[in-house]
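[1] Have a look at this fold, sequence not included:
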């Protein structure tokens with residue numbers, strides 16, 4: 001019998017890690033292995049999961065692939081990792097794969113047809129997590145009619161939008177779409193998003209609202225889609241390409257000193273996000289006088305902060321932030337402001 005795997009995809013800051021934490025908290029005895037693929041130098045998502053004290057989040061059950069986008073390094077990183085998991089004395093009941101926010105899910109699903117694993121694994125489903133407030137704000141949903149009208153008026157215009165293509169490719173490959181942060185946009189907002197996104201979803205795919213990724217585990221696991229068997233029905237902007245790159249995006253890590261006033265620091269992050277059009281901020285702060293690590297998560301203008309765990313004995317208490325944006329970020333100006 002094949003071991004099922006679920007691919008969790010979604011744009012930066014949509015709430016994939018939060019959904020996975022909810023899933024683990026409600027695993028109902030399932031032995032789950034996690035594969036996490038991050039875009040950036042620092043494994044923030046892995047740190048958030050290994051520090052959560054949830055049964056199943058132990059180090060040995062979480063594998064991080066940080067050597068590039070998982071859909072570009074299938075042969076080098078992903079396949080060997082899957083073989084190691086499958087060859088365990090007690091293999092997992094289910095494998096969860098969290099892609100980076102910039103990954104295309106289709107090449108990853110294709111990898112399940114490779115001879116090394118195709119008889120032992122199947123893609124139970126591809127779950128796309130959507131940041132509902134971002135969509136309402138139009139950050140990742142172009143007006144296609146207006147765009148076409150502009151192109152018709154001036155054929156020389158180039159309206160290539162790499163963010164939109166990544167977003168749409170994730171929707172086109174999905175078996176289930178989770179409209180996260182539903183409490184922010186309300187029921188009317190969820191209905192509007194569902195209608196607006198329906199043209200980018202395959203027939204029969206459902207979109208459901210969620211708050212903090214809280215979806216019944218029996219809905220998330222058990223889609224039984226065998227996605228690798230109908231991969232050609234999952235269209236993509238990148239069909240026909242051998243590869244894709246991430247030259248449209250860049251990330252860097254900033255090491256910080258003590259942050260005595262996290263609220264004031266949050267204001268600085270909001271200012272820098274607006275000024276430099278930063279897509280994603282994630283990392284940790286050290287607040288003097290506090291024995292707990294302070295987490296920072298930001299997408300667009302929304303910043304979330306909380307203390308997640310005690311600093312470990314002997315652990316260096318320092319802050320680190322990963323900054324992700326489109327190519328051309330003024331790294332020098334951002335670093336100078338953060339370190340001032």
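    Received it, and whenever you're ready, just let me know what you need. Bear in mind the structure is a predicted one, so any value in this text is a computation, not a measurement.
[2] Now do stretch 214-223: everything it contacts.
    4, 6, 19, 22-23, 26-28, 30, 94, 124-125, 127, 175-176, 178, 208 (Cβ atoms under 8 Å, 6 or more residues apart in numbering). C-beta coordinates here come from the backbone N, C-alpha and C atoms, glycine included.
[3] I'd like to know which elements the host helix or strand of residue 253 is packed against.
    Using DSSP states H and E, residue 253 sits in strand 249-256. On a contact count with 3 or more Cβ pairs under 8 Å, 6 or more residues apart in numbering; DSSP states H and E, strand 249-256 meets strand 319-326, helix 331-339.
[4] Adding mean pLDDT, mean neighbour count and distance to residue 10, write the ones you listed out as CSV.
    CSV is the format used below for those (pLDDT from 0 to 100; neighbours: other Cβ atoms under 10 Å; distance: least, Cβ to Cβ, whole Å):
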stretch, mean pLDDT, mean neighbour count, distance to residue 10
strand 319-326, 85, 21, 14
helix 331-339, 94, 14, 25
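[5] Of the ones you listed, which is nearest residue 81?
    With Cβ to Cβ, the closest approach to residue 81 among the helices and strands packed on strand 249-256 belongs to strand 319-326: 22.1 Å.
[6] Of the contacts of stretch 214-223, grab the buried ones for ChimeraX.
    Of these, the buried ones can be selected in ChimeraX as follows, counting by 16 or more other Cβ atoms under 10 Å:
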select :4,6,19,22,23,27,94,124,125,127,175,176,178
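[7] from the contacts of stretch 214-223, which ones fall inside strands?
    Among the contacts of stretch 214-223, the members found in strands (DSSP state E) are 4, 6, 94, 124-125, 127, 176, 178, 208.
[8] still on that earlier bit, could you provide the helices and strands packed on strand 249-256 in a markdown table, with additional columns for distance to residue 36?
    Shown next, in a markdown table, are those (distance: least, Cβ to Cβ, whole Å):
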| stretch | distance to residue 36 |
| --- | --- |
| strand 319-326 | 14 |
| helix 331-339 | 25 |
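[9] and residue 285, which of those is closest to it?
    Per Cβ to Cβ, nearest to residue 285 of those: strand 319-326, 4.3 Å.
[10] Could you list every helix and strand in contact with that closest one?
    Using 3+ Cβ pairs under 8 Å, 6+ apart, the elements in contact with strand 319-326 are strand 249-256, strand 280-285, helix 331-339.
[11] immediately after the strand holding residue 253, which helix or strand?
    Assigned by DSSP H and E, the successor of strand 249-256 is helix 262-276.
[12] which parts of that following helix are buried?
    262, 265-266, 269-270, 272-273, 276.
[13] for the chain, what spans make up the strands?
    Here the chain has its strands, by DSSP E, at 3-10, 32-37, 62-65, 94-98, 121-131, 176-180, 206-209, 249-256, 280-285, 292-299, 302-310, 319-326.
[14] Mind listing the strands the first one pairs with, and their directions?
    Its sheet considered, strand 3-10 pairs with strand 94-98 (parallel), strand 121-131 (parallel) by DSSP bridges.
[15] rank those strands by pLDDT, which is bottom?
    Lowest mean pLDDT within the strands paired with strand 3-10: strand 94-98, a mean of 90.
[16] what's next to that one, contact-wise?
    3-8, 16-17, 20, 23, 30-37, 45, 70, 82, 85, 108, 121, 124, 221.
[17] Return a PyMOL selection command for the buried portion of those.
    Here is the PyMOL command that selects the buried residues among the contacts of strand 94-98 (16+ other Cβ under 10 Å):
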select buried, resi 3+4+5+6+7+8+16+17+20+23+32+33+34+35+36+37+45+70+82+85+108+121+124+221
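[18] now the helices and strands packed on strand 319-326 in CSV, with distance to residue 196?
    Shown next, in CSV, are the helices and strands packed on strand 319-326 (distance: least, Cβ to Cβ, whole Å):
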stretch, distance to residue 196
strand 249-256, 24
strand 280-285, 23
helix 331-339, 32
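[19] which one of these lies closest to residue 183?
    strand 280-285 (21.1 Å).
[20] helices and strands around that closest one, which ones?
    With contacts defined as 3+ Cβ pairs under 8 Å, 6+ apart, the packing partners of strand 280-285 are helix 44-50, helix 262-276, strand 292-299, strand 319-326.
[21] shaky segments in this structure?
    38-77, 140-162, 238-249, 299-300 (pLDDT under 70).
[22] Got the domain ranges for it?
    Domain ranges of the chain: 3-233, 249-339, per automatic domain parsing.
[23] Of these, which stretch is the most buried?
    Mean neighbour counts were taken over the domains of the chain using mean count of other Cβ atoms under 10 Å, and the top value, a mean of 18, falls to domain 3-233.
[24] check contacts around the residue nearest in space to the middle of the chain.
    With distances taken as Cα atoms, centre = their mean, the chain has residue 101 as the residue nearest its mean C-alpha position (3.9 Å). Counting by Cβ under 8 Å, 6+ apart, residue 101 makes contact with 10-14, 16, 39, 166, 280, 324.
[25] could you redo the last one with a cut-off of 7 Å?
    10-12, 39, 280 (Cβ atoms under 7 Å, 6 or more residues apart in numbering).
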